[in-house]
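**Q** Next comes the sequence, and after it the predicted model I'd like to discuss.
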Amino acid sequence: MSNTLEIANYYVEKQGFSLIPLVGKIPDASVLPKEPDGGGELKATWKPYQSRKPTVEELQKWFGKGQQQRNIGIVTGSISGIAVVDLDSAEAVQIARDLELPNTPVVKTGKGYHLYYQYRAGIRNFQKRNDLPGVDLRGDGGYVAAPPSVHASGVQYAWVDGKKLGRIPLAEFPEIILAKHGNNSHQIPIKELYKGSTEGSRNDMLARLAGSWARADLALEDCIENAYTWNTRNNPPLPEREVEQTVESIWNTHQKKQNEVVGKIPFADAIKDWINEHDGEILLQEIYRDFHLNDPNSKTKVRKIISKMVEGNIIEPDGKKSGCYRKKDTNADVIDWENADLTEVPMSYPLGLEKLFVTLRKTIVVVAGVSDAGKSAFLLHCAALNAGRGMPIKYFSSEMGDAELRFRIDRTDIPKDVWRGIDFRERFDNFADTIEPNAINIIDYIEIFENAYMIGAHIKDIFDKLKAGIALIAIQKDPKKEFGIGASYSMHKSRLYVNIDYGKITIKKLKNKRHMEINTRDMSRTFKIERGLLVPDSEWQH
């Protein structure tokens, strides 16, 4: 979409969201532009847009000619039908990974991520909870900055590739977040809700019950009848009209999602898009999970779509297990091994890895590091060792801003002219789009929010972009795990794969050996970090 006004219209007309303009730098933006009022100026309120959506004329006034730089705010809660989980720190992102939250549209923000979910009655704004540090909720009474807004840091908000709004459906709001944020009604088992409630949590309980009936594929009339019976146990009961409206709204939303459209895309097209963008095994159970399909009719539709794709020679049964398929790829490039270029890329690595490893063109090196154990120190050290040796170096950082980078560089004894020879760039995702095919590309680091196995697809995309160049890729590693995020999926394309733990580096994979007689698997070396660089503290040993 070419401009802010077009995008604003898309959010309102196609997605049904309520919007407000944000003026100033996020996160310190005023909510609405100041409007002249006699001789002075007053800050306009955004409260009306919590109960109504802006008109075409208002959108034109806010984002039309001369106002393209204004940021877009999406009003969360019942008016827009969404609730957003706001992750504003690395700790919050890790918490979300650990909780294994449902797959849903995701925005990369200036500080973290926004996860868009279906609104559920009763979800309000929650902030600064000790049990979920850095994990905030935006519901009734809240709003979030949305793409293409620009953060005060200069980072533009953007939908995460593969998790764009309209390409995958909004998932149901995760129970675990509500439970941990202290919303007691969401901690109560469904069977307990049938006992009724007092004033204060009745709407939320009804929404949960109605959702459970809809997922059980009950007819609308039966759902409403169940709700009437439940309502007689409340003290006081809800108005009957309110009960009917709540149940009907939830039932209709469920039916729309299950049958005709998924995230504003025809059902069959959405399934095909999911398959086309998916690498590796295609599992029916994963499709059911990602599209939240529980009823037999929807699952039958998926199987029919799969059967047609098999008939069309697009995919085929894997044969290894039931419900597993794979894409068919009849292309097989000729390997011209006699004319292959065996010129070694003149690479140096921290801790003398080049004495064990031969770096050839189109090589992937993966550095799996425990948090704060030295991943960035390893990559910066590597960049400095190879600067000015004839091959351009592009260093992509997903977490270091200019101040932190300068702080790290100032701590080293390496001359500034060496660092000036490195092209430092800020980048958060879709690294394959920015890879320089004939350069040393250093990626610090690839962050996978969920579906860790997808790390393999990200690395493959980077590999496919390389020609004579190489890529060093850092990923996170749990100190209790043997490999980095994605486990074996992160190893497939690598020729060298090392783990960095506190004070220790270990070789987990080394394919192009300089000395064939040496068994390099699980060789390790201890090190210290001095003046920001890695200094060996022992020899390589098993």
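**A** Thanks, I have it. Residues are numbered from 1 along each chain as shown.

**Q** pull the longest helix from the protein.
**A** Using DSSP state H, we find that the single longest helix of the chain is helix 240-258.

**Q** For it, which residues meet the burial criterion?
**A** For helix 240-258, a neighbour-count test (16 or more other C-beta atoms under 10 Å) marks 243-244, 246-247, 250-251, 253-254, 257-258 as buried. Every residue, glycine included, has its C-beta placed from N, CA and C.

**Q** of the residues you listed, closest to Ile475?
**A** Ile475 lies nearest to Lys257 out of those, by C-beta to C-beta, at 33.9 Å.

**Q** how's the chain carved up into domains?
**A** Domain assignment for the chain by automatic domain parsing gives 4-180, 188-258, 261-327, 341-536.

**Q** what packs against the helix or strand containing Asp410?
**A** Using DSSP states H and E, Asp410 maps to helix 402-411. Applying 3 or more C-beta pairs under 8 Å, 6 or more residues apart in numbering; DSSP states H and E, one finds that helix 402-411 contacts helix 375-386.

**Q** tell me the mean pLDDT for the helix it packs on?
**A** Across helix 375-386, the average pLDDT comes to 95.

**Q** starting at the chain centroid, how far to stretch 447-461?
**A** 10 Å (C-alpha atoms, centre = their mean, to the nearest Å).

**Q** What segments of the stretch 201-350 of the chain are strands?
**A** 261-262, 265-266, 282-283, 315-317, 324-327 (DSSP state E, counting those that start in this stretch).

**Q** how about Tyr395, what does it touch?
**A** 379-380, 383, 422-425, 442, 444 (C-beta atoms under 8 Å, 6 or more residues apart in numbering).

**Q** Give the bridge partners for it, please.
**A** Phe424, Ile442 (DSSP bridges).

**Q** May I ask which of the buried residues of helix 240-258 comes out lowest in pLDDT?
**A** Out of these, that is Gln258, at 56.

**Q** Check which residues of the helix holding Asp410 are buried.
**A** Of the residues in helix 402-411, 405, 409 count as buried by neighbour count, 16+ other C-beta under 10 Å.

**Q** Over to stretch 282-291?
**A** In stretch 282-291, counting by 16+ other C-beta under 10 Å, buried: 282-284, 286-287, 290-291.

**Q** Closest to Asn438 out of the residues you listed?
**A** Ile282 (34.3 Å).

**Q** just checking, the closest one touches Ile314?
**A** No. Under the criterion of C-beta atoms under 8 Å, Ile282 makes no contact with Ile314, lying 10.4 Å away.

**Q** what is in contact with those two at once?
**A** 275, 327.

**Q** Turn the buried residues of stretch 282-291 into TSV, columns for pLDDT and distance to Ser371.
**A** TSV is the format used below for the buried residues of stretch 282-291 (pLDDT from 0 to 100; distance: C-beta to C-beta, whole Å):
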residue	pLDDT	distance to Ser371
Ile282	85	33
Leu283	86	31
Leu284	87	36
Glu286	82	29
Ile287	82	33
Asp290	70	29
Phe291	71	33
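
**Q** Okay, and which of those residues map to helices?
**A** For those, the ones inside helices are 284, 286-287, 290, with DSSP H as the criterion.

**Q** and which of those is nearest to Gly484?
**A** Glu286 (22.1 Å).

**Q** Can you tell me how far that closest one is from Asp464?
**A** Between Glu286 and Asp464 the computed distance is 24 Å (C-beta to C-beta, to the nearest Å).

**Q** right, and the helix or strand after the helix holding Asp410?
**A** helix 416-420.

**Q** Give me the contact list for that following helix.
**A** Under C-beta under 8 Å, 6+ apart, the answer for helix 416-420 is 384, 387-388, 409.

**Q** Buried residues, that helix. List them.
**A** 418-419.

**Q** about what we covered before: check which helices and strands the longest helix of the chain sits against.
**A** helix 202-215, helix 220-231.

**Q** mean pLDDT lowest for which of these?
**A** helix 202-215 (a mean of 78).

**Q** Would you mind listing the buried residues in that helix?
**A** In helix 202-215, counting by 16+ other C-beta under 10 Å, buried: 202-214.

**Q** same deal with stretch 510-522?
**A** So, applying 16+ other C-beta under 10 Å, buried residues of stretch 510-522: 510, 520.

**Q** before we move on, what about stretch 300-312?
**A** 301-302, 305-306, 309.

**Q** Thought Ile314 was touching Lys327, still the case?
**A** Yes. Using C-beta under 8 Å, Lys327 makes contact with Ile314 at a distance of 7.0 Å.

**Q** How many residues are close by Glu221?
**A** For Glu221, the count of nearby residues is 9 (other C-beta atoms under 10 Å).

**Q** helix or strand for Val365, which one?
**A** strand 363-370.

**Q** Quick one: list the elements packing against that strand.
**A** Judged by 3+ C-beta pairs under 8 Å, 6+ apart, strand 363-370 is in contact with helix 375-386, helix 455-465, strand 470-477, strand 496-501.

**Q** centre of the chain versus the helix holding Asp410, how much separation?
**A** 28 Å.

**Q** now stretch 378-393
**A** For stretch 378-393, the distance to the chain centre is 30 Å (C-alpha atoms, centre = their mean).

**Q** same question, stretch 352-362
**A** With C-alpha atoms, centre = their mean, you get 33 Å for stretch 352-362.

**Q** Mind listing what's buried along it?
**A** Neighbour-count burial for stretch 352-362 flags 353-354, 356-362 (criterion: 16+ other C-beta under 10 Å).

**Q** Can you name the residues that contact Asn379?
**A** Actually, residue 379 is Leu rather than Asn. 367, 395, 442, 444, 472, 474.
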